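Asker: sequence and predicted structure, then a few things I'm wondering about:
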Amino acid sequence: MMRFKLTTLVAFSAFSVVAYAIDAPMLGNIKSESHQVCGKKIEVQVVTLDDASVMIGILNKNNNEWDTFISENPVTKEFSYAKYQPAKFDALSRTFIKQDNKKMFVLWGKSQDDKNDFHYTLSLGSHSYDCGLMQNWPDDLANDIYGESETDQALSG
């Protein structure tokens with residue numbers, strides 16, 4: 001009987017963890033739209049901006065914060081390969097300001113090979129990393145309006 005209770009408790013605990021959705025990270029004042037992993041563990045967040053440029057966030061392994069980069073030119077919805085320059089969020093104006101740093105830039109995007117297959121690549125200096133599939137973060141608008149809060153879920157468990 002004790003074994004059944006322990007198994008049930010473990011199964012319920014695992015379900016409870018899954019019930020709480022992982023929220024998309026914020027890049028300045030903008031929530032990430034999609035994400036992917038490049039190389040073995042380089043985390044990349046992606047946001048399309050109003051002016052058709054794209055902002056990517058790359059997790060800085062030294063300080064565990066998101067460094068942001070904005071495309072120099074408008075990018076197609078297919079995220080064609082483009083050059084991105086550093087940008088800092090200005091809390092006062094609530095906008096991103098491109099940084100004039102000729103040495104610090106990244107290349108990121110999707111390209112097509114001779115077999116018509118598409119691949120994402122992230123280039124950091126002289127190193128290039130193959131990227132995994134682009135995954136959209138879930139939109140929780142419906143749950144925010146109609147669903148239960150985390151407090152409601154915890155009280156019912």
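Answerer: Thanks, I have the structure now. Numbering: from 1, shown residues only.
Asker: can you give me the strands for this structure?
Answerer: Assigned by DSSP state E, the strands in the chain fall at 26-27, 30-31, 34-38, 42-48, 54-59, 66-71, 82-90, 95-98, 106-112, 118-124, 127-131, 135-136.
Asker: my read is that G28 contacts T68, right?
Answerer: Yes - with contact defined as CB atoms under 8 Å, G28 reaches T68; the gap is 6.6 Å. Backbone N, C-alpha and C define where each C-beta goes, glycine included.
Asker: ok so, going back, can I get the strands of the chain in CSV with distance to N143 and mean pLDDT?
Answerer: Output for the strands of the chain, formatted as CSV (distance: least, CB to CB, whole Å; pLDDT from 0 to 100):
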stretch, distance to N143, mean pLDDT
strand 26-27, 18, 92
strand 30-31, 15, 92
strand 34-38, 19, 96
strand 42-48, 21, 96
strand 54-59, 24, 96
strand 66-71, 24, 96
strand 82-90, 27, 94
strand 95-98, 29, 91
strand 106-112, 30, 92
strand 118-124, 29, 95
strand 127-131, 29, 96
strand 135-136, 15, 92
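Asker: out of those, flag the one nearest I145.
Answerer: Set against I145 and scored by CB to CB, the strands of the chain come closest in strand 30-31, at 16.6 Å.
Asker: any idea how far the most centrally placed residue in the chain lies from D117?
Answerer: Nearest to the mean C-alpha position of the chain, by CA atoms, centre = their mean, lies Q45 at 2.6 Å. From Q45 over to D117 the distance is 24 Å, taken as CB to CB, to the nearest Å.
Asker: kindly report the same for T68.
Answerer: Distance from T68 to D117, by CB to CB: 29 Å.
Asker: quick one: which of those two has more around it?
Answerer: A count of neighbours by other CB atoms under 10 Å puts T68 above the other of T68 and D117, at 22 against 8.
Asker: what's opposite the more buried one in the beta bridge?
Answerer: T68 forms beta bridges with G57, A87, as assigned by DSSP bridges.
Asker: for it, give its distance to D113.
Answerer: Taking CB to CB, one finds T68 at 29 Å from D113.
Asker: same question, E65
Answerer: E65 is 34 Å from D113, where distance means CB to CB.
Asker: returning to what we had before: would you turn the strands of the chain into CSV with distance to A142?
Answerer: Shown next, in CSV, are those (distance: least, CB to CB, whole Å):
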stretch, distance to A142
strand 26-27, 21
strand 30-31, 16
strand 34-38, 19
strand 42-48, 21
strand 54-59, 25
strand 66-71, 27
strand 82-90, 29
strand 95-98, 29
strand 106-112, 30
strand 118-124, 29
strand 127-131, 30
strand 135-136, 15
